[in-house]
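>>> Provided below are the primary sequence and the corresponding predicted coordinates.
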Amino acid sequence: MKQAKTIKLAFHAIGMNKIRTFLMMLGIIIGITTLTVIVSVGKGASAKVMRTVQNFGTNAVVVFAGGGKVIGPPDEKTNTLTLEDAQAIMQEVHGIKAMDTALIRVGRTVKYEDNNTNTVIYGGTTQYGDAWGWSAESGDYFTEEDMASMARVAVVGKTVVRELYGSTDPIGTNIKIENVNFKVVGVLSPRGTSPMGMDMDSRIVVPYTTASHRVFNTTYINLIRLTAADPSQVDRIEKEVANLLRERHHIQPGFPEDFRISGASSISKMAKNMMGTLSLFLGLISLISLIVGGIVIMNIMLISVGERVKEIGLRRAVGARKADIKKQFLIESSLITVMGGIIGVVIGLIVAILIPMMSKGKMPAVLSWEPFVLGFIFSALVGVLAGLHPAKKAAEMDPVIALKS
């Protein structure tokens, strides 16, 4: 038989029973839809990881007080980092461009007139802008003189401005932090989300001396932020800082550390591992759906072979070869799965477009050409594998017995 004739016959056979064809397609549609969503969300997640790493700083190293694997700022009672630790790091670890030491309190109430919000209070130094690579959008940071005099001045993030002031300019106004009046001298430029998923714009930066002596009454610090002069030296700086702190805190080998260190590479690795776990889970769902779909197609096609015995016998009687019969059934199964794959890709792309909308941007997706290629390859492969046994059974059927059936 000519190839075009075989394909025409395959299309005719598929169209004879539309409900059966749809049932055979269903597993493939689900599998390819899932695969398309995985690819789109995976690429979106990778882009988001890169953006969060950029927000964190590609040349940054952060030392947190307290050990363990807890993500984010330590508990307020943690007292394992001191200013002396920070000074020792600056003196003994080479390649540090800027350093900021911080006292952090999370979820503190801040008031302006009749408005209030809960935000992060960050007691930092005049090196905050350089260590974080974070400029002031308007106004400016506090000065060394403010640090020395424990001045009650503050630089506020964009989220704080929006929640307390709306469209009003906050510069020069007074806000209350823990019932202490602070004058707003600057507004931070927008920064976005941290690798831990926190809103980095929901913070207020005040002088460390003011925070430690006038507000929170503690001399310990929660965080040390370092910026490497050369991004390629981040891993080395991480290791040297860890070794130095172990020595200063008298931590013996094999005992848990009372601090945590995060660099750009570890943040990126953590985020990618999280997305990798999600992609693996969705990938298994996709694989199971394709396998189930393939089994369903094979079984239904075996039933179809039994129902089309006379048709097979007649075609063999008029000159069709075993190879022609086999080819026809393989083409039928492949057409079913490829059409299911196309439908699955289209549905998957629609879902990928809707996901960022429904999650309000928390789960981004990137549309690309890969789902079309992967959908075609996987659906065609499942079609061939699922159709092999039914095609072989049809091709080996005795035409004389088939015509007598």
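Received it, and whenever you're ready, just let me know what you need. Just so it is clear, the structure is predicted and the values come from calculations on it, not from any experiment.

>>> which residues touch stretch 206-223?
62-65, 73-74, 78-83, 85-86, 101-105, 121-125, 142, 146-148, 150-155, 177-178, 180, 182 (CB atoms under 8 Å, 6 or more residues apart in numbering). Backbone N, C-alpha and C define where each C-beta goes, glycine included.

>>> Among these, name the ones in helices.
Among the contacts of stretch 206-223, DSSP state H puts 83, 85-86, 146-148 in helices.

>>> May I see these organised as TSV, with neighbour count added?
Formatted as TSV, those follow (neighbours: other CB atoms under 10 Å):
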residue	neighbour count
Leu83	15
Asp85	22
Ala86	21
Asp146	18
Met147	17
Ala148	10
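
>>> Next, count neighbours for the closest residue to Ile89 other than its chain neighbours.
Leaving aside its chain neighbours, Ile89 sits nearest to Val241 (5.6 Å; criterion: CB to CB, 6 or more residues apart in numbering). As a burial measure, Val241 scores 23 neighbours (other CB atoms under 10 Å).

>>> List of residues touching whichever helix or strand Val241 is part of?
Using DSSP states H and E, Val241 maps to helix 234-248. By CB under 8 Å, 6+ apart, the residues outside helix 234-248 that reach it are 58-61, 63, 85, 88-89, 92-93, 95-96, 226, 228, 251, 257, 259, 261, 263-266.

>>> And the buried ones among these, selectable in ChimeraX?
Typed into ChimeraX, the next command selects the buried ones out of the contacts of helix 234-248 (criterion: 16 or more other CB atoms under 10 Å):
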select :58,59,60,61,63,85,88,89,93,95,96,226,228,251,259,261,263,264,266
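
>>> Now go through the contacts of helix 234-248 and say which are in strands.
Within the contacts of helix 234-248, residues falling in strands by DSSP state E are 60-61, 63, 96, 226, 228, 259, 261, 263.

>>> Grab the CA positions of stretch 216-231 and hand them over as CSV.
What follows is stretch 216-231, C-alpha atoms only, in CSV (Å, rounded to 0.1, in the frame of the first residue of the first chain):
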residue,chain,number,x,y,z
PHE,A,216,15.7,46.7,72.0
ASN,A,217,18.3,46.9,74.8
THR,A,218,20.8,44.3,73.6
THR,A,219,24.5,44.3,72.5
TYR,A,220,24.3,41.1,70.4
ILE,A,221,23.8,41.0,66.6
ASN,A,222,21.7,38.7,64.5
LEU,A,223,23.4,39.0,61.1
ILE,A,224,26.6,39.9,59.4
ARG,A,225,26.4,40.8,55.7
LEU,A,226,29.6,40.6,53.7
THR,A,227,30.2,41.6,50.1
ALA,A,228,33.2,40.0,48.3
ALA,A,229,35.3,42.2,46.1
ASP,A,230,35.5,39.3,43.6
PRO,A,231,32.4,37.1,43.2
